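> Here's my sequence, what's the structure:
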Amino acid sequence: TPIYEEQFHDHSYGFRPNRCAQQAILTALDMMNDGNDWIVDIDLEKFFDTVNHDKLMTIIGRTIKDGDVISIVRKYL
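This is a model prediction of the structure:
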């Protein structure tokens with residue numbers, strides 16, 4: 001969401017506005033051409049099944065003050 005956009009890494013492409021898989025691939029190719037030996041691809045599927053939901057909600061609650069939004073997020077976890 002725009003609220004957290006500033007906190008994301010520049011080379012994070014998943015589910016972000018105006019970013020797509022093709023841009024990620026082009027960036028990876030540019031990095032390889034610049035001499036980078038390592039490219040990391042991380043798939044966070046099932047990540048939220050293992051994270052402490054109470055701790056996550058506390059962190060989200062520091063930024064999001066709308067109780068209805070907090071309830072919706074908790075339901076998706």
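
> Please make it C-alpha for all contacts and neighbour counts, starting now.
Will do.

> In contact with residue 75, which residues?
Going by CA atoms under 8 Å, 6 or more residues apart in numbering, residue 75 touches no other residue.

> Now do it against residue 32, distance only.
Per CA to CA, to the nearest Å, residue 75 is found 41 Å from residue 32.

> Also residue 60?
For residue 60, the distance to residue 32 - CA to CA - is 35 Å.

> Below-threshold pLDDT in the protein: ranges please.
1 (pLDDT under 70).

> I'd like the distance between residue 67 and residue 75.
12 Å.

> what does residue 16 give?
Taking CA to CA as the measure, residue 16 falls 22 Å from residue 75.

> so where's the longest helix in the protein?
Determined from DSSP state H, the single longest helix within the chain is helix 21-33.

> quick one: buried residues of that helix?
24, 28 (16 or more other CA atoms under 10 Å).

> how distant is the helix or strand following that helix from the center of its chain?
Per DSSP states H and E, the first helix or strand lying C-terminal to helix 21-33 is helix 47-50. Here the centre of helix 47-50 is set off from its chain's centre by 13 Å, with CA atoms, centre = their mean, to the nearest Å.

> Same check on stretch 59-66?
17 Å.

> Repeat that for stretch 51-66.
The answer for stretch 51-66 is 15 Å, by CA atoms, centre = their mean.

> likewise stretch 37-53?
Worked out by CA atoms, centre = their mean, stretch 37-53 lies 9 Å from the chain centre.

> go on, stretch 60-71?
With CA atoms, centre = their mean, you get 18 Å for stretch 60-71.

> didn't residue 70 look like it was pressed against residue 62?
No. If you go by CA atoms under 8 Å, residue 70 and residue 62 don't touch, sitting 10.7 Å apart.

> Which one of these two is surrounded by more residues?
residue 70 (15 against 8; other CA atoms under 10 Å).

> Now name the helix or strand holding the more buried one.
Applying DSSP H and E, one finds residue 70 within helix 67-76.

> Off-centre distance for that helix?
18 Å.

> what comes up buried for it?
Buried, per 16+ other CA under 10 Å, within helix 67-76: nothing.
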